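Sharing a model prediction with you, sequence too.
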Amino acid sequence: MRLFLSALLALLSPLPALANTYEPIRDKSAFLSLIDGKELRIGLYNLSLKLTPDGKIVGKALGWGITGNWSWEGGYFCRDMDWSGYAIERDCQLVEARNGRELRFTVNRGKGDSASFRLR
């Protein structure tokens, strides 16, 4: 369990900001148009998330279920999640898009670590 937890936490905030090829998404409707009918994936950890327009998060990481809620607040994606009984505290994140196929989430309103997801 400890290994799984470490991997999930690393997924949610592992990388320093990448090259400036990403464009910030500040508008909820633009964000919704990108995620509509799509799944967010990080293949290395078998992580997949579905974000619904009504603010729900459903997915899996390393075979364990993820649930949560999200909202759009002041140009940021704010979420809280539960990974198979482990609470992942609320955080508001900067969202950036690249090529309409990738989203990068940066914790602490863009001041922290990042995780990049492919849209499928």
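That came through fine.

For this protein, which segments count as helices?
For the chain, helices defined by DSSP state H occupy the ranges 2-12, 28-35, 107-110.

Of all the residues in the shortest one, which ones are buried?
Yep, that's helix 107-110 we're talking about. 107, 109-110 (16 or more other CB atoms under 10 Å). (Glycine included, C-beta is placed from N, CA and C.)

Find the centremost residue of this structure, please.
By CA atoms, centre = their mean, the mean C-alpha position of the chain lies nearest to residue 105, the distance being 5.6 Å.

how close does that one get to residue 85?
23 Å (CB to CB, to the nearest Å).

just residue 119 next, same as before
Between residue 119 and residue 85 the computed distance is 28 Å (CB to CB).

which residues sit against the longest strand belonging to the chain?
Longest among the strand segments of the chain by residue count, using DSSP state E, is strand 86-98. Strand 86-98 has contacts (CB atoms under 8 Å, 6 or more residues apart in numbering) with 5, 8-9, 12, 21-25, 31, 34, 68, 73-74, 76-82, 103-110.

one more time with 6 Å, if that's ok
Residues outside strand 86-98 that contact it (CB atoms under 6 Å, 6 or more residues apart in numbering) are 5, 21-25, 34, 76-78, 80-81, 103-107, 109-110.

Write a PyMOL command that selects only the buried members of those.
Applying 16+ other CB under 10 Å to those, the buried members can be selected in PyMOL as follows:
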select buried, resi 22+25+34+76+77+78+81+103+104+105+106+107+109+110
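
shaky segments in this structure?
Scanning the chain with the threshold set as pLDDT under 70 gives 1-20.

switch the cut-off to 50
The chain contains residues with pLDDT under 50 at 3, 5-7, 13-15, 17-19.

For burial, what's the neighbour tally of residue 54?
Neighbours of residue 54 under the rule other CB atoms under 10 Å: 7.

if I look at the residue nearest to residue 24 when sequence neighbours are not counted, how far off is residue 77?
Spatial nearest neighbour of residue 24, excluding adjacent residues (CB to CB, 6 or more residues apart in numbering): residue 96 at 5.2 Å. To residue 77, residue 96 is 11 Å away according to CB to CB.

Check residue 120 too.
From residue 120 to residue 77 the distance is 19 Å (CB to CB).
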